[in-house]
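In: Structure for this input, please:
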Amino acid sequence: MPSEMIGMAEVRERKLLSMSKFLKWLDNYWYHYKWPTIIVSFFVIIGTISVVQLFNRVSYDAYIMYVGDETIPDTQYQDIMDSLKKVSKDYNGDKEHNINFSKMAFISDENHEMASTVNASTVQYLSNMVVQPYYIYLMSPEVYDTYKDSGIFVPISEVVTDVPEDWYYDDTAIYFDKTDYANSFAGVNDLGEDTLLVLKIIPYSASKSAQKAERTAYENHLDLLKNILSYRKK
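Out: Residues are numbered from 1 along each chain as shown. Got it, this is the predicted structure:
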């Protein structure tokens, strides 16, 4: 066999051996660090999206977050956006109507293999809820019960009148699925029968300008909440 062919065979053999070692390392890494890698990747993606949105300078009229285990496919997401625009306004006056509707996963089934990992990440993220831009939350009772005594939610009866008694989960939460609004529009009608609707309080800020901005954001979301709760089937 010519020396050139022997040399090429040896190179291919070394490459295959190197590839085999890499695949074994990758398989071992994935076995031991699969979920941490998935979780870190999730937050990297969220951070990247946030940075992109920042540089694109999208000015949202309202921020709403769903926290639960319902799957929201693209078609439902678009239906949700369309439905929310029916009860909201161009609050910031930029002649555009943009709603930020985000989802955080929370698995209610404690026996699910991913429940503890996913839920711990979500709870950690929500621990900073007060400084997040989201004012309206749609969340599972399990998540709500974790934070309901923290004073972060507004008593609904103090800001909205004429809400049927059977819609209340307690003073600060409404069964979203019982509202006429949720039963009248596509997308929002399929977010789980026990999903709760809540409104976050205005966070404290030492800056007068920041406090004014938060007050305005709160008033805008309160208007949206009132529109949702006052909507009646035609």
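In: who's in contact with the residue positioned nearest the centre of the chain?
Out: In the chain, the centroid-proximal residue (CA atoms, centre = their mean) is Lys103; its distance is 2.5 Å. Going by CB atoms under 8 Å, 6 or more residues apart in numbering, Lys103 touches Met65, Tyr66, Val67, Ile72. Yep, even glycine has a C-beta here, placed from its N, CA and C like the rest.
In: Return the strand or helix carrying it as CSV; C-alpha atoms alone will do.
Out: Secondary structure from DSSP states H and E places Lys103 in strand 99-105. Output of strand 99-105 as CSV, limited to C-alpha atoms (Å, rounded to 0.1, in the frame of the first residue of the first chain):
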residue,chain,number,x,y,z
ILE,A,99,-49.5,43.4,24.2
ASN,A,100,-46.7,41.5,25.9
PHE,A,101,-48.2,38.1,26.8
SER,A,102,-45.6,35.7,28.3
LYS,A,103,-45.7,32.2,29.7
MET,A,104,-43.9,30.6,32.6
ALA,A,105,-44.2,26.8,33.0
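In: Hmm, Gln78 and Ile72 touching each other?
Out: No: applying CB atoms under 8 Å as the test, Ile72 and Gln78 come out as separate, 10.1 Å apart.
In: then stretch 197-214 to PDB, C-alphas only?
Out: Output of stretch 197-214 as PDB, limited to C-alpha atoms (Å, rounded to 0.1, in the frame of the first residue of the first chain):
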ATOM      1  CA  LEU A 197     -56.700  36.300  37.500                       C
ATOM      2  CA  VAL A 198     -54.800  38.700  39.800                       C
ATOM      3  CA  LEU A 199     -53.500  42.300  39.700                       C
ATOM      4  CA  LYS A 200     -50.100  43.200  41.200                       C
ATOM      5  CA  ILE A 201     -49.600  46.200  43.500                       C
ATOM      6  CA  ILE A 202     -47.600  49.200  42.600                       C
ATOM      7  CA  PRO A 203     -43.900  48.600  43.600                       C
ATOM      8  CA  TYR A 204     -42.200  51.100  45.800                       C
ATOM      9  CA  SER A 205     -39.600  53.400  44.200                       C
ATOM     10  CA  ALA A 206     -37.500  56.100  45.800                       C
ATOM     11  CA  SER A 207     -37.500  57.900  42.400                       C
ATOM     12  CA  LYS A 208     -40.400  60.200  41.900                       C
ATOM     13  CA  SER A 209     -40.300  59.700  38.100                       C
ATOM     14  CA  ALA A 210     -40.100  55.900  38.400                       C
ATOM     15  CA  GLN A 211     -43.000  56.000  40.900                       C
ATOM     16  CA  LYS A 212     -45.000  58.100  38.500                       C
ATOM     17  CA  ALA A 213     -44.300  55.700  35.600                       C
ATOM     18  CA  GLU A 214     -45.300  52.700  37.800                       C
END
